[in-house]
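Novice: coordinates only, no sequence provided:
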């Protein structure tokens, strides 16, 4: 009987944890269709030393919401290009 109670307690913790993870991931599913490989339609200047030429393929990872004191648009676009993870604001 004790082992059954322990098992039920363990399963309750596991199910609660999985449910919490799923609920936390649900908001990001709205951006899921935007992620993946994309072609830049114009030159993108990341900073003074890094730019992506028009027609280059990038792997778009998603959008991060930030405060407007960090970026005027309130969003960062995150993607990989040339083996680097890059963040673009505004």
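Specialist: Thanks, I have the structure now. In this text the structure is predicted, and so the values were computed from the model without any measurement. Numbers count the residues shown, from 1 in each chain.

Novice: domains in this structure, by residue range?
Specialist: Per automatic domain parsing, the structural domains of the chain span 1-32, 35-90.

Novice: export the ones you listed as CSV, with columns for mean pLDDT and mean neighbour count.
Specialist: (Glycine included, C-beta is placed from N, CA and C.) Output for these, formatted as CSV (pLDDT from 0 to 100; neighbours: other C-beta atoms under 10 Å):
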stretch, mean pLDDT, mean neighbour count
domain 1-32, 73, 9
domain 35-90, 85, 13
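
Novice: which element is the residue nearest to residue 61 when sequence neighbours are not counted on?
Specialist: Ranked by C-beta to C-beta, 6 or more residues apart in numbering and with sequence neighbours excluded, the top spatial neighbour of residue 61 is residue 78, at 4.5 Å. Per DSSP states H and E: residue 78 is located in strand 75-81.

Novice: hmm, who's touching the longest strand seen in the chain?
Specialist: Using DSSP state E, we find that the single longest strand of the chain is strand 57-65. For strand 57-65, the external contacting residues (C-beta atoms under 8 Å, 6 or more residues apart in numbering) are 28, 31, 34-40, 52, 74-81, 85, 87.

Novice: make it 6 Å
Specialist: Strand 57-65 has contacts (C-beta atoms under 6 Å, 6 or more residues apart in numbering) with 31, 35, 37, 38, 39, 75, 76, 77, 78, 79, 80, 81.

Novice: in terms of secondary structure, what does the strand holding residue 78 contact?
Specialist: strand 57-65, strand 84-89 (3 or more C-beta pairs under 6 Å, 6 or more residues apart in numbering; DSSP states H and E).

Novice: angle of the longest one against strand 75-81?
Specialist: It refers to strand 57-65. 150 degrees (axes from the mean of the first three to the mean of the last three C-alpha atoms, to 10 degrees).
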